[in-house]
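Q: Below are the sequence and a predicted model for it; my questions follow.
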Amino acid sequence: MFDNDKVKGDGVAHHGSSKRVLRQLSIKDIARLARVSHPTVSRALQNSPLVNAKTAERIRKIAKESGYRASAVARGLVTRRTRTIGLVVTTIADPFTSEVVSGIEQAANDHGYCVFLADSNADPEREKKIVQSFAEQRVDGIIVTSSRVGALYLPLLSEMMVPIVLVNDQYPGAFVHSVMIGNQEGSRTITQHLIGLGHRRIAYIGDQFGYQSDTERHAGYREALAAARIPALPELVVRGDGKSEAAMQAMSSLLELSNPPTAVCCYNDMTALGAMRSIRLHRLRVPEDISVTGFDDLFVASYTYPPLTTVRQPMRRMGQLAMENLIKLMSGQESVVRIKVKPELIVRESTAKVGKRKPANARR
C-alpha cells in the first residue's frame, strides 16, 4: 500500500524507495507516510491506548522499516525527562571508584538511562560546580561518589530540584539519601581478628584529611581494643593519604619505634600495599614479623604477596543500590533514606599469630 508513497525534494528515503537516507526521519515524515496526524504517530510510538491498535501497529511498522529513531531531546521536551544521570567521582583512576561506576552503569542501562561522568579530582568546589552544571543540563538525577561536600547539598536540593544520592559520603554529617559501607563495623571486626591471633600492639594507619570513612574506621579500631582491654596508644596511630607512597612513610615511622607494632590496620587496601612494601624494605616479613590488613578488597588484594587480609566492600553492588534508589526518588516512589551495606571480613595470608616465627633478619 505504501510502496509508491514519496515525499519529493525533502531528502528522505521512503518506504519502498531505493534512495539513501540523507537525514533522520521526523514524526511528521512518518505521519505523511501513514496518512495520519503527527500527534497520532507520537502517541502510537509511545504505545498510547488512545490510538487504534491496527493503526498503531501500521505506524510502528513504517517507523521501523524507515529506520526512524526517536529524538531524546524531543521526547524530553514532552515528558520533562531526559533519561540521563549525572555521575560525579573523585577520580576515575581509583580502583574502588571504577567498580562502583560499573555497578551504577549496569543498573542505569537496565532501566534505560544514560550516564554522564565527571571527575571532581577530590576538589570540593569543583564537585559543587559539576553538580550544579548537571542540574542546569536537566539530568533526571545525580549520584556523587566519596563526596567532599556531602550535607552541604541539603540547602541546594530545593533550589536545584534534582534528586541526589551519595555513595560513601566523606562529609561528617547525615545526608538525605546515601549508600554507605558499615565502616565502623568492618574496622572493629578486622581488629578483633588481629586480637584473636594474639596481637596486642596493633597500629592504625589512617587518612590525614579527616573524612568520615577514616573517622568511623578509627572508631571501630578503638572499640575493638577497648573491648579487649588493650590501651589505645597515640604512638601507634599515624596518618597517610589513602595512597601507597604516603603509607610507606607512615609505616616506616612505626617501624622506627623502640617497640614497633606486631600488626597494623590500614585505612584501605592502597595504604596496605604501601605498608607491606615499607616492611619489606626494612628487611622484615609479612606476616611472620608484622601482620597487615586492608579495607575495600580491591581486585589486587588477592594478588599481593602475601595475599591481603581485608574488609570487603561490595563496590559494584553499592553502585547498583545507589542507582536503584535514585530511580525510586525520580519516580516519586518510597525510597530508603540511608542504606548501610554490611562489610565482610576476608582472611588471607597477610595475617598470622603473633610470634609465629622469628625474624629472618635483625632490625637495624
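A: Great, that's in hand.

Q: contacts, neighbours, all on C-alpha from now
A: OK.

Q: Low-confidence stretches in the stretch 51-200 of the chain?
A: 69-81, 151-160, 172-176 (pLDDT under 70).

Q: now the helices for it?
A: Under the criterion DSSP state H, counting those that start in this stretch, helices of the stretch 51-200 of the chain are mapped to 53-65, 72-79, 95-110, 124-136, 154-160, 183-196.

Q: Columns mean neighbour count and distance to Leu308 on top of those helices, output as a markdown table?
A: Formatted as a markdown table, those follow (neighbours: other Cα atoms under 10 Å; distance: least, Cα to Cα, whole Å):
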| stretch | mean neighbour count | distance to Leu308 |
| --- | --- | --- |
| helix 53-65 | 16 | 54 |
| helix 72-79 | 12 | 47 |
| helix 95-110 | 19 | 16 |
| helix 124-136 | 17 | 32 |
| helix 154-160 | 12 | 39 |
| helix 183-196 | 22 | 12 |
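
Q: Can you tell me the number of residues neighbouring the closest residue to Arg58 other than its chain neighbours?
A: Closest residue in space to Arg58, ignoring its immediate chain neighbours: Ala34 at 7.5 Å, by Cα to Cα, 6 or more residues apart in numbering. Residue crowding around Ala34 was assessed by other Cα atoms under 10 Å; the count is 23.

Q: Confirm Ser278 sits in a helix?
A: Yes: looking at Ser278 with DSSP: H, G, I helix; E, B strand; the rest coil, it is inside a helix.

Q: Count the residues that sit near it.
A: Ser278 has 22 nearby residues by other Cα under 10 Å.

Q: which ones are touching it?
A: Ser278 makes contact with Met248, Gln249, Met251, Ser252, according to Cα atoms under 8 Å, 6 or more residues apart in numbering.

Q: separation between it and Gly112?
A: Using Cα to Cα, to the nearest Å, Ser278 is found at 47 Å from Gly112.

Q: same thing with Thr189?
A: Counting by Cα to Cα - Thr189 and Gly112 are separated by 39 Å.

Q: what do you get for Arg43?
A: From Arg43 to Gly112 the distance is 20 Å (Cα to Cα).

Q: So for those two, which sits in the more crowded spot?
A: Arg43 (14 against 11).

Q: can I assume the more buried one is in contact with Ala53?
A: No: using Cα atoms under 8 Å, Arg43 is not in contact with Ala53, being 11.4 Å away.

Q: so what's the residue most central in space within the chain up against?
A: Closest residue to the average C-alpha location of the chain: Val100 at 3.0 Å, with Cα atoms, centre = their mean. Applying Cα under 8 Å, 6+ apart, one finds that Val100 lies in contact with Met315, Arg316, Arg317, Met318, Gly319, Gln320.
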